[in-house]
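**Q** with the input below, show me the fold.
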Amino acid sequence: MTWSNKYIGTPFAEFGRDWSGVDCYGLVVLAYRVELGIDLTSYAGEYVSCEEHAELDGLFKGAIDCGPWNRVEGTAQAFDVALFRRGPLASHCGLVVGHRQMLHVSGREQAKLGRYRPEPGKSQLIGHYRHNRLMGMLHA
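**A** Next up is the predicted model:
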């Protein structure tokens, strides 16, 4: 059993940030708070809808540029955030659980484990990002 199992089946809720429901970034917020004791910026009131990819792209890129996130060079670890594009825009994220596996909420479905191609450029993956407080730490 891994830390991620308890999140599987968490319902979708646009702007959700707790057990009653989450969107893709809300799942990251919830897991970071529960598993790591790290409170992330919510961003819940800063976009109109999960379908507004341009707004999400701006929030993701802003968090990377001036927030607590560092691009991972090399192998992703548990709790790294995998950032994906839909078309040209960064608009989806998931939490790395293990090699080629992530926990995520896609569309309006409940949270689930999914496989993905971890090589940027070979899929819609933009890259992996690690929170400042996790730099230098290994997670199994």
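
**Q** surely Pro11 meets Arg108?
**A** No: look at Pro11 against Arg108 with Cβ atoms under 8 Å: they stay out of range, at 9.3 Å. Backbone N, C-alpha and C define where each C-beta goes, glycine included.

**Q** with neighbour numbers in mind, choose between those two.
**A** Between Pro11 and Arg108, counting by other Cβ atoms under 10 Å, Pro11 is the more crowded of the two (14 against 11).

**Q** please name the nearest non-neighbouring residue to the more buried one.
**A** Of all residues not flanking Pro11 in the chain, Gly21 sits nearest, at 4.6 Å (Cβ to Cβ, 6 or more residues apart in numbering).

**Q** what's near enough to touch that neighbour?
**A** Contacts for Gly21 (Cβ atoms under 8 Å, 6 or more residues apart in numbering) come out as 10-13.

**Q** alpha carbons only: can I get the helix or strand bottoming out on mean pLDDT in the chain in PDB?
**A** Ranked by mean pLDDT, DSSP states H and E, the helix or strand of the chain with the weakest confidence is helix 53-66, at a mean of 72. Provided in PDB are the C-alpha atoms of helix 53-66 (Å, rounded to 0.1, in the frame of the first residue of the first chain):
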ATOM      1  CA  HIS A  53      -6.800  26.600 -20.300                       C
ATOM      2  CA  ALA A  54      -5.300  30.000 -20.900                       C
ATOM      3  CA  GLU A  55      -6.000  31.000 -17.300                       C
ATOM      4  CA  LEU A  56      -4.600  27.700 -15.900                       C
ATOM      5  CA  ASP A  57      -1.500  28.100 -18.100                       C
ATOM      6  CA  GLY A  58      -0.800  31.500 -16.600                       C
ATOM      7  CA  LEU A  59      -1.200  30.300 -13.100                       C
ATOM      8  CA  PHE A  60       1.000  27.300 -13.600                       C
ATOM      9  CA  LYS A  61       3.700  29.300 -15.300                       C
ATOM     10  CA  GLY A  62       3.500  32.000 -12.700                       C
ATOM     11  CA  ALA A  63       3.900  29.500  -9.900                       C
ATOM     12  CA  ILE A  64       6.900  28.000 -11.600                       C
ATOM     13  CA  ASP A  65       8.500  31.400 -12.400                       C
ATOM     14  CA  CYS A  66       8.100  32.900  -8.900                       C
END
